[in-house]
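[1] Mind looking at a prediction? Sequence and model below.
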Amino acid sequence: MLNDLAKFFSSEYVFIAANYVFFAYGIILMSFYLTGVILASRAIKRNKKKARFLQVNDIVSATDIPSVSVIAPAYNEGLTIIENVKSLLSIQYPYYELILVNDGSKDDSLEKLIKEFKLERKDATFITQPIPTATVNHIYKSTLSKFTHLTVLDKNNGGRADALNAGINFATSELVVCTDADCIIEQDALLKMVRPYLEEYNKEIIACGGGIGIANDSVVRNGVLQELRLPTNLVPMVQVVEYIRAFLLGRMAWSEINGLMLVSGAFGMYPRKRVVEVNGFDAKTVGEDLELCIRLRRLMEEKKIPYKVVYLPETLCWTEGPPDYNILIKQRDRWARGLWETLKIHKKLFLNPKYRYMGILYYPYWLFFEFGAPIIEFFGLICIIAFAFFGMINWSMAILLFTAAYIVGCVFSTAAIFMYVKNFNHYDKPKQIIELLLAAYLEPFLYHPILVYGQMKGYYKKIFGIKSGWGTMTRKGFKVSDT
Amino acid sequence: MNETNVSYFIGFVLSILVIYWISIAVSVIYRKIRVKQISRIEHTFADVVSRYLYNDPLNPLSISEINETLKSVGIRPHNKNNIQYLISLMIRTQRTILGGNYIKIKKLYTQIPPYNASFSKISSWNWYRRARGIREIYEMNQSQYLDEVVKFRNHRNIFVRREAQIAMVVFLGWESLRFLPYLKRNMTLWQQIKIVEKLYDHYPKPELKFLHRAYKTDKLFGKKLLMRIIRKFQLHSETDFILEHLIHEDYEVRETAIYCLQTFAVSSERMNFIKQIYEKVTDSSQQAQLLNYIFENSDIDLDFYLQQLYGPNEELKLNVAEILWNNGYKEKVQEFYYQQYSKKEELNAQ
């Protein structure tokens, strides 16, 4: 076997073929990214112009806007639950209800909520459940007049997707926003998110996502982000750049050609009617957000109803990113498994002309470049080691190519940072921008290999059938300011 | 591909990187300067307006003095960004002022820059400038340009036609209903909302003759717009128009009708009509909304609810059962479920 391997890697034909495969893959990926930069900058410009004609203040004072329910599942979040709920309750929107789903927490979350918000138990005998979920034991409503828009559902544990489904069942609004209890949502986020639903006239908006930002080490006061700071640790700092790049370049560009397949689970708005029609989130996968979005798109394609999935470039939701490598690996392992499961569920889409661009372009992109990238990188590394061992590599050329690839990567990150700095004022101090650029340039060496490792770990679990759920995500919590 | 080519490529990509660095630096510096400039314009304008409105007889402020002051902070014809910012300030200020001062400020606006800037925009080929121009015209109440603006009510760009339609409402009031429900292109929800809001703000007294004439429209957006107007103005006498559309074939029209109906408490006669047409509503979620409306706005009609409980619509039975259970008819619900249970038993036995 070793002899066969040695023969394989020392063959010149194999070396040339491998070179061409990796090179072609890289070129195609770069072309996608370049197109992404062009599309994203066009989309951001247009979005800014459009926003002038539908200002947040106008929406606040209007009376006929759609009602919105924010659904936030919580599991064992007793330590921060009161602050988190207060934060979600402070969102500005005229017709808004918050449904907090206590997903069978084993800690004192529910007791704390009952005490703080003077919750009163309501009859749950006749609760209608268009989407089947784990049993909802009780419904709680606040007796305080200032919290009339708060509902707490207490249910048996069934996971995040199941908890969201329970909230969707209970919601009576036209639109539902799915988020996490520990996310900090910008005060005017719903007013901005509702814009596409108000403005579209010949296509139905089936999902709308907003930018998500990393706010580790930032200061929170009364549930509102008071001071946005850059994280002090490298891991979350690189994630700031990663999120800016992914959301601003990736999602914005896909949204421009209506090719967005994912609206993040941390913050996404959907029409309730459609979510119920597709039977809600799939509780069997850990990539439930991606899966739902694809299922909604499939529904519309099959029904031949014109539709749109929209993404807003502004950061509307802040979350705490994994603070160290261990948690980062767990997170990316889960994301990789979710991607695997979702692509498997919807394999019918692959190159299927019935689903038009979704079958011909979007799904194959996800398969080859989102799912396939870590595999290509992993095997690329193995090939380098093996070819180096057999003395096949021209080192001076290899170093030049590596440098070229690295600088191209830096250009894309810099372009994303430039677009963010130009259009939004979250990071406007020169020191912050320099730190972001440095993080972007260190990313390929200190962050990306760990990411690939986490993703490959997820794939390994799927290949060998190793069971794994969500995993524990330990969070440090935001800095809370009293003054 | 050789090493020289790759080196050239690296040089090229590096130069792009450097361009981005410079762009970031320029962007940061420009923003700092612009923020300062805007703040200066804002303060100067606030000072000018307050001095003009509450003129000191001993030290009166002349128009030429105002123009000079504005010029000194960069309000010059060639500086379009500053002019644009001044216009937005003027609109914001005008919105907050009422009475005699409102007339005074309108007079001031005719004498200071930007003279005709908004009107010149509407002849631009750029949709964004054109739409902004129309918006400024109606926000600053420049009704002399109505004829020019009305031409754009069916424009292919949604923002241009939307602003033109709103301008029509602002200038023509209820009379604009002669045109709006018959437009060529579809209207978004936001267009409808904005039209209703503007009509309510500028013309709170309803002119029903225009509304009645508009009822003839066969455009779906027109029907929805009219129902929203009835709702906003609380026109109880016009609720029949809403009731008629509860069984319209279009889902969205029915949805709007149910939504608008919910703000009215109707007479028992009309409630009976709603109960009669209830079963003709084809969508079960809309039936549920209507059921809720009937429950909240009328006394318990046992026959009606029992008819629904024993009816074919399985999805609504739980809602009906809940209403009966909570309103003193527990035994009827139990009876129904026992009957269901025994039916199942019989089926199993067979």
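    Yes, it's here.

[2] what's the closest non-adjacent residue to the residue in the stretch 51-200 of chain B positioned nearest to chain A?
    Taking CB to the nearest CB as the measure, the stretch 51-200 of chain B has B:W190 as its residue closest to chain A, at 3.8 Å. Yep, even glycine has a C-beta here, placed from its N, CA and C like the rest. Of all residues not flanking B:W190 in the chain, A:L198 sits nearest, at 3.8 Å (CB to CB, 6 or more residues apart in numbering or on different chains).

[3] sorry, back to before: what strand or helix carries the residue of the stretch 51-200 of chain B closest to chain A?
    Assigned by DSSP states H and E, B:W190 belongs to helix B:189-202.

[4] Which residues does that helix contact?
    With contact meaning CB atoms under 8 Å, 6 or more residues apart in numbering or on different chains, helix B:189-202 is reached by A:54, A:58, A:61-66, A:197-199, B:162, B:165-166, B:169-170, B:173-174, B:176, B:180, B:221, B:224-225, B:228-229, B:232-233.

[5] Can you flag the buried ones in those?
    A:54, A:58, A:62, A:64-66, A:197-199, B:162, B:165-166, B:169-170, B:173-174, B:176, B:180, B:221, B:224-225, B:228-229, B:232-233 (16 or more other CB atoms under 10 Å in any protein chain shown).

[6] Mind checking which of the residues you listed land in helices?
    A:58, A:197-199, B:162, B:165-166, B:169-170, B:221, B:224-225, B:228-229, B:232 (DSSP state H).

[7] and B:N154, what is it in contact with?
    Residues counted as contacts of B:N154 (CB under 8 Å, 6+ apart) are B:R161, B:L183, B:K184, B:R185.

[8] before we move on, back to that, among the ones in helices among the buried ones among the contacts of helix B:189-202, which one sits closest to B:K36?
    For these, the closest approach to B:K36 (CB to CB) belongs to A:D58, at 28.7 Å.

[9] List the contacts of the closest one.
    By CB under 8 Å, 6+ apart, A:D58 lies in contact with B:K194.

[10] So for it, what's the pLDDT?
    Per-residue pLDDT puts A:D58 at 86.

[11] hang on, the earlier thing: just among the contacts of B:N154, which is most surrounded?
    Neighbour tally across the contacts of B:N154 (other CB atoms under 10 Å in any protein chain shown): the maximum, 22 neighbours, falls on B:R161.

[12] Give the closest residue to it in space, chain neighbours not counted.
    B:H155 (4.2 Å).

[13] quick one: pLDDT of the one you found?
    Reported pLDDT for B:H155: 95.

[14] and the gap between it and A:L198?
    19 Å (CB to CB, to the nearest Å).

[15] what does A:A336 give?
    With the distance defined as CB to CB, A:A336 ends up 37 Å from A:L198.

[16] Which residues does the helix or strand harbouring B:S285 contact?
    Per DSSP H and E, B:S285 falls inside helix B:284-297. Residues outside helix B:284-297 that contact it (CB under 8 Å, 6+ apart): A:273, B:246, B:251, B:254-255, B:258, B:261-262, B:265-266, B:271, B:274-275, B:278, B:281, B:301, B:304, B:308, B:313, B:315-316, B:319-320, B:323.

[17] In helices, which of these appear?
    Filtering the contacts of helix B:284-297 for helices - DSSP H - leaves A:273, B:251, B:254-255, B:258, B:261, B:271, B:274-275, B:278, B:304, B:308, B:315-316, B:319-320, B:323.

[18] Say whether chain B is contacted by stretch A:416-436.
    Yes: residues of stretch A:416-436 are located near chain B by CB under 8 Å from any CB of the partner chain, namely A:I417, A:F418, A:V421, A:K422, A:N425, A:D428, A:P430, A:I433.

[19] What segments of the stretch 351-483 of chain A are helices?
    Using DSSP state H, counting those that start in this stretch, the helices of the stretch 351-483 of chain A run over residues A:356-357, A:363-365, A:372-389, A:395-423, A:430-446, A:448-463.

[20] Revised request: answer the last question for the stretch 51-200 of chain A.
    A:56-61, A:81-89, A:109-117, A:160-170, A:189-193, A:195-199.

[21] and the helix holding B:S285, which residues are buried?
    Neighbour-count burial for helix B:284-297 [16+ other CB under 10 Å]: B:S285, B:Q286, B:Q287, B:A288, B:Q289, B:L290, B:L291, B:Y293, B:I294, B:F295.

[22] repeat for stretch B:260-273
    Across stretch B:260-273, burial judged by 16+ other CB under 10 Å covers B:C260, B:L261, B:Q262, B:F264, B:V266, B:R270, B:M271, B:F273.

[23] Next, the contact list for the third one, please.
    Yep, that's B:Q262 we're talking about. Counting by CB under 8 Å, 6+ apart, B:Q262 touches B:Q289, B:Y293.

[24] And it, what's its pLDDT?
    Here the pLDDT value assigned to B:Q262 is 93.

[25] Against which helices or strands is the longest helix seen in chain B packed?
    Counting residues, the longest helix found in chain B (DSSP H) is helix B:3-53. If you count contacts as 3 or more CB pairs under 8 Å, 6 or more residues apart in numbering or on different chains; DSSP states H and E, helix B:3-53 packs onto helix A:395-423, helix A:430-446, helix B:63-72, helix B:80-95, helix B:99-111.

[26] what about A:L144, how many residues close to it?
    For A:L144, using other CB under 10 Å, the count is 13.

[27] Just give me the neighbour total for the residue lying closest to it once chain neighbours are set aside.
    Nearest non-adjacent residue to A:L144, counting by CB to CB, 6+ apart: A:K118, 5.1 Å away. For A:K118, the neighbour count with other CB under 10 Å is 13.

[28] try B:D283
    For B:D283, the neighbour count with other CB under 10 Å is 14.

[29] Can you check the pLDDT for the residue nearest to B:W190?
    Per-residue confidence at A:L198 stands at 94 (pLDDT).

[30] Over to A:P66?
    On pLDDT, A:P66 comes in at 93.

[31] That one contacts A:P196, correct?
    No: using CB atoms under 8 Å, A:P66 is not in contact with A:P196, being 11.3 Å away.

[32] buried residues in stretch A:344-362?
    By neighbour count on 16+ other CB under 10 Å, the buried set for stretch A:344-362 is A:I345, A:H346, A:L349, A:Y355, A:M358, A:G359, A:Y362.
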